[in-house]
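J.: the following comprises the amino acid sequence and a computationally predicted model.
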Amino acid sequence: MARVLVSDKLSTTAVQIFKDRGVEVDYLPDLGKDKDKLLEVIGQYDGLAIRSATKVTEKVIEAAPKLKVVGRAGIGVDNVDIPAASRKGIIVMNTPFGNSITTAEHAIALMFAVARQIPAADASTQAGKWEKNRFMGVEITGKTLGIIGCGNIGAIVASRGVGLKMRVVAFDPFLSPERAATLGIEKVELEELFRRADFITLHTPLTDRTRNIIDAAAIAMMKDGVRIINCARGGLVAEKDLADAIRSGKVAGAGVDVFETEPATDSPLFGLDNVVCTPHLGASTSEAQENVALQVAEQMADYLVQGAVSNALNMPSISAEEAPILTPYVKLAEILGSFAGQLTEEPIKEVEILFDGSPAGMNTRALVAAALAGLLKPQMQSVNMVSAPLMAKERGIAVSEVRRDKTGVFDGYVQLTVKTEKQSRSVAGTCFSDGKPRFIQIKGINMEADVGSHMLYTANKDIPGVIGELGMTFGRKGINIANFHLGRDHEGGNAIALLYLDGPLSEEFLDEVRALKAIGQAKLLTFDV
Ligand SMILES: NC(=O)c1ccc[n+]([C@@H]2O[C@H](COP(=O)([O-])OP(=O)(O)OC[C@H]3O[C@@H](n4cnc5c(N)ncnc54)[C@H](O)[C@@H]3O)[C@@H](O)[C@H]2O)c1
Ligand SMILES: O=C(O)[C@H](O)COP(=O)(O)O
């Protein structure tokens with residue numbers, strides 16, 4: 001039974017879902033904050049469900065040999081070392097929509113709080129001061145709202161802004177003009193946004209390109225009296241520069257939910273007039289927490305129990321409905337990769353995967369990942385569909401895929417071509433209606449062969465006596481050949497044989513086979529079937 005650790009505070013709905021789906025679960029919501037304890041226990045788990053408090057570092061991943069999936073109940077995955085997870089074949093998934101509305105609403109709430117100084121006015125009023133003249137606010141109607149990052153959350157903020165009669169401009173390199181038009185907003189360059197906006201709100205992930213996107217130089221371009229809201233990630237705004245600008249009056253106020261260091265027990269922004277701070281509460285509504293807990297538990301259980309993948313950041317999605325249709329072709333792709341990988345002894349430069357007929361309409365990214373996993377496995381035992389594309393990239397292997405309509409007699413087939421400095425080798429296969437993979441072509445030679453756990457591949461000249469010689473050699477040693485498949489390119493040309501065996505062969509016996517006059521190459525292949 002798969003075992004999952006929940007190491008951050010999640011709705012207990014998640015715990016129930018794991019149990020209902022037959023996954024053992026340990027709910028230890030404070031464990032994520034205790035790095036040493038996490039390192040101590042993580043080795044026991046197949047899955048780890050987290051929010052933002054647990055840091056899934058390379059060290060944690062190294063300490064987790066059984067770990068297959070990290071599920072982030074939320075959006076940002078900057079607390080997970082995704083390359084390290086990918087290298088170990090661990091899927092990292094998030095819940096990209098469950099808390100978007102809630103977070104957009106928090107940004108709007110902070111915008112109002114800053115525009116009308118609500119927290120300070122509340123504190124003053126409750127202190128019995130009645131400072132009616134101190135808290136002069138600004139209207140937001142008719143003001144320009146500048147949105148940096150117009151993805152899921154940014155777009156919701158945009159529509160709320162439009163509803164509040166604001167003029168909305170957005171900077172996002174990936175925002176299409178059509179989408180901007182649909183949202184009723186204007187797509188602008190960053191500097192223009194800085195120049196025009198009365199309120200600026202950030203909704204990008206934290207990346208090398210977005211880090212400190214608002215710093216002293218950016219603030220200098222802004223309108224005097226601008227107000228800035230950050231509900232995305234600490235690190236997007238240089239806190240010290242913002243604090244200086246608030247002190248100088250250049251920036252009239254800021255709403256800050258996220259900090260460079262969290263938990264933020266100290267910040268240059270603390271104690272300044274008209275800075276409204278919240279402790280990373282963007283996603284903290286009961287609705288959003290139910291959504292993300294339910295979603296993450298379902299996604300993780302789907303993967304651990306059924307092999308279905310959704311919302312993974314390092315692996316193509318495979319839906320629960322798609323999994324049974326795709327699975328035979330995933331197996332086929334892996335076997336073709338494995339065939340080529342076992343026969344290739346020099347560095348691979350290029351891999352081309354051709355999908356003909358039915359597999360061309362499937363999730364070919366998953367099939368490519370499976371083929372690469374099979375191909376790399378002879379060199380790297382731990383490689384899987386998650387890590388294989390990254391491993392291939394790191395090894396400089398160029399991967400391409402071609403999809404085409406059915407061309408031959410098979411309903412569909414997959415052909416893998418592997419190129420090295422010296423040669424190009426291709427192998428093709430299909431899946432019959434029984435779901436079992438079959439080889440249908442090797443090195444351009446047609447043949448039809450079942451796939452067995454142990455197979456002997458031989459390349460020879462198409463001359464009389466080869467079958468006899470091979471058969472006699474096996475017979476003399478009392479080794480049974482379960483099935484014998486042959487193919488040749490033309491009469492008297494190149495021929496190949498695939499022998500389906502009941503078990504492995506000794507190196508000594510293989511040397512005997514290789515010594516046969518008719519045999520050019522003999523290699524024992526093993527397949528995970
Ligand atoms: N405060 C919270 O509790 C809270 C809650 C949820 C999400 N978040 C954070 O909000 C952020 C946005 O979430 P989302 O769901 O909208 O993500 P998203 O992926 O849907 O949108 C992000 C957008 O940023 C854009 N972008 C990327 N690089 C950019 C750049 N250099 N300049 C401008 N735009 C750029 C992308 O094109 C994309 O449209 C994430 O960082 C997430 O972690 C915070
Ligand atoms: O990226 C997110 O989803 C938010 O930052 C929420 O983080 P949290 O789950 O720790 O509240």
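T.: On my side now, so go ahead. None of the values given here were measured: they were computed from a predicted structure. Ligands and ions are numbered 1, 2, ... in the order given.
J.: in what helix or strand does Ala323 lie?
T.: helix 322-343 (DSSP states H and E).
J.: and the next helix or strand past that helix?
T.: strand 348-357.
J.: quick one: Ala449 and Ala482 touch, right?
T.: No - using CB atoms under 8 Å, Ala449 is not in contact with Ala482, being 11.3 Å away. (Each C-beta comes from the backbone N, C-alpha and C, glycine too.)
J.: now do the shared contacts for these two.
T.: Tyr500 (CB atoms under 8 Å, 6 or more residues apart in numbering).
J.: nearest spatial neighbour of the residue in the stretch 151-300 of the chain that ligand 2 sits nearest to, chain-adjacent residues omitted?
T.: The stretch 151-300 of the chain approaches ligand 2 most closely through Ala283 (3.6 Å), counting by CB to the nearest ligand atom. Distances taken as CB to CB, 6 or more residues apart in numbering place Asn99 nearest to Ala283, at 3.7 Å, with adjacent residues excluded.
J.: check contacts around that neighbour.
T.: 74-75, 282-283, 285, 288-289, 291-292.
J.: restricted to strands, list the residues you listed.
T.: With DSSP state E as the criterion, strands contain none of the contacts of Asn99.
J.: ok, and of the residues you listed, which contact ligand 1?
T.: 75, 282-283 (CB under 6 Å from any ligand atom).
J.: which of the residues you listed ranks first by neighbour count?
T.: Gly282 (28 neighbours; other CB atoms under 10 Å).
J.: hmm, back to that, check what pLDDT the residue nearest to Ala283 gets.
T.: Asn99 is assigned 97 on the pLDDT scale.
J.: from ligand 2, how far out is it?
T.: 5 Å (CB to the nearest ligand atom, to the nearest Å).
J.: and if you look at Glu512?
T.: 63 Å.
J.: from what I see, that residue and Phe474 are in contact.
T.: No - using CB under 8 Å, Glu512 is not in contact with Phe474, being 9.9 Å away.
J.: how about the residues of the protein near ligand 2?
T.: Near ligand 2, when you scan the chain using CB under 6 Å from any ligand atom, you find 51-52, 74-76, 99, 280, 282-284.
J.: between those, which is nearest Ala85?
T.: Gly76 (15.2 Å; CB to CB).
J.: so the closest residue to Thr201 other than its chain neighbours versus Leu313, what's the distance?
T.: Nearest in space to Thr201, with sequence neighbours left out and distances taken as CB to CB, 6+ apart, is Ile229 at 4.2 Å. Ile229 sits 26 Å away from Leu313, going by CB to CB, to the nearest Å.
J.: give me the more crowded residue out of these two.
T.: Ile229 (28 against 16).
J.: can you name the residue of this structure nearest to ligand 1?
T.: Gly151 (1.8 Å).
J.: number of nearby residues for that residue?
T.: Neighbour number of Gly151 under other CB under 10 Å is 18.
J.: likewise Val157?
T.: Close neighbours of Val157, defined as other CB under 10 Å, add up to 29.
J.: and the strand or helix carrying it, what's its mean pLDDT?
T.: Secondary structure from DSSP H and E places Val157 in helix 152-163. Mean pLDDT, helix 152-163: 97.
J.: swap in stretch 414-422?
T.: Across stretch 414-422, pLDDT averages out at 95.
J.: about what we covered before: tell me how far the helix holding Val157 is from the chain's mean position?
T.: 26 Å (CA atoms, centre = their mean, to the nearest Å).
J.: kindly export the following helix or strand past it (C-alpha atoms) in PDB.
T.: Tracing the chain C-terminally past helix 152-163 and defining elements by DSSP H and E, one meets strand 167-171 next. Only the C-alpha atoms of strand 167-171 are listed here, as PDB (Å, rounded to 0.1, in the frame of the first residue of the first chain):
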ATOM      1  CA  ARG A 167      -8.700  51.300 -16.400                       C
ATOM      2  CA  VAL A 168      -6.600  48.100 -16.500                       C
ATOM      3  CA  VAL A 169      -3.300  47.700 -18.200                       C
ATOM      4  CA  ALA A 170      -1.200  44.500 -18.100                       C
ATOM      5  CA  PHE A 171       2.400  43.500 -18.800                       C
END
